[in-house]
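1. A structural model of the following input is requested.
(one chain, ligands or ions: 4)
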Amino acid sequence: MKKKIILATLCVLAFGFTAKAAVYEYMPTPGDMYDLDHDFAYTWGIDWNHTDEVIHGAFLTFTNIHDWRPESDDILYLNMLDNPASGLTQYYDNEEVGDYFAGQGTPVGTWSDPAGSFYGPGVDVTFNLGSLGLLSTLNSYAADGLFGFSLDPDCHYFNDGVKLTVVTDVPEPASIMLLGLGALGMAAYRRKRS
Ligand SMILES: [Ca+2]
Ligand SMILES: [Ca+2]
Ligand SMILES: [Ca+2]
Ligand SMILES: [Ca+2]
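-> Ligands and ions are numbered 1, 2, ... in the order given. You can find the predicted model right below:
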């Protein structure tokens, strides 16, 4: 009996945590960032309206991305920025070697296409900011309601869209949650007894 009650409580706990998580998705305009033209570099500022929530997951995804031709030295530079301009901004870098935004913000990583092809197929590439150890920096950048990314494609990266997925914990009064847990636990206990 005791094991079953513990199991029921665990289920409720799991449900409780699921219920108070929120997921937000952001896409730039245009969604493919002009197919990440090599002659340009970009910043993408995101207006963050959930400053009372703690970010505990963030994933930056490029769908069906591929270099427009086979190259051995292509590279996409990616940084996280504290206060870029809101929305997508283009800068002209004439495909200059190196990251146009070097020294700004926090490096997220780079990506190079191992093949390259005008028509693709490309691959889906995801940067998991959590596993990259960047969530505390992201939370500090987002605290004022604005954060973002810089991207410098040095070569041309055709893609079908860029997306940022953010997972948060929504604050809930602890007492209400505990009350709910207690009530559900008692109900489960009574059901088991009858
Ligand atoms: Ca460039
Ligand atoms: Ca460059
Ligand atoms: Ca900021
Ligand atoms: Ca495209």
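2. for the closest residue to residue 155 other than its chain neighbours, what are its contacts?
-> Nearest non-adjacent residue to residue 155, counting by C-beta to C-beta, 6 or more residues apart in numbering: residue 74, 4.1 Å away. Every residue, glycine included, has its C-beta placed from N, CA and C. By C-beta atoms under 8 Å, 6 or more residues apart in numbering, the contact set of residue 74 is 67, 112-113, 116, 154-155.
3. What does residue 74 show for phi and psi?
-> Backbone torsions of residue 74, given as degrees, to the nearest 10, read phi -70, psi 150.
4. Roughly how far does it sit from residue 45?
-> Distance of residue 74 to residue 45, given as C-beta to C-beta, to the nearest Å: 26 Å.
5. In the chain, which residue sits closest to ligand 4?
-> residue 32 (3.7 Å; C-beta to the ion).
6. what number of residues lie near that residue?
-> 18 (other C-beta atoms under 10 Å).
7. Now that it has come up, it's in contact with residue 157, right?
-> No. Residue 32 is beyond contact range of residue 157, at 9.0 Å (criterion: C-beta atoms under 8 Å).
8. SS state for the spatially closest residue to residue 77 that is not a sequence neighbour?
-> The spatial neighbour of residue 77 that comes closest, neighbours along the chain excluded (C-beta to C-beta, 6+ apart), is residue 99 at 3.9 Å. Look at residue 99: counting by DSSP: H, G, I helix; E, B strand; the rest coil, its state is coil.
9. I'd guessed residue 99 sits against residue 93; true?
-> No. Using C-beta under 8 Å, residue 99 makes no contact with residue 93, being 9.3 Å away.
10. Contact residues of this structure facing ligand 4?
-> Within the chain, the residues that sit near ligand 4 (C-beta under 5 Å from the ion) are 32, 35.
11. Go through the chain and flag its longest strand.
-> In the chain, taking DSSP state E as the definition, the longest strand is strand 54-67.
12. helices or strands next to it in the packing?
-> strand 106-111, strand 123-128, helix 135-142, strand 157-158, strand 162-169 (3 or more C-beta pairs under 8 Å, 6 or more residues apart in numbering; DSSP states H and E).
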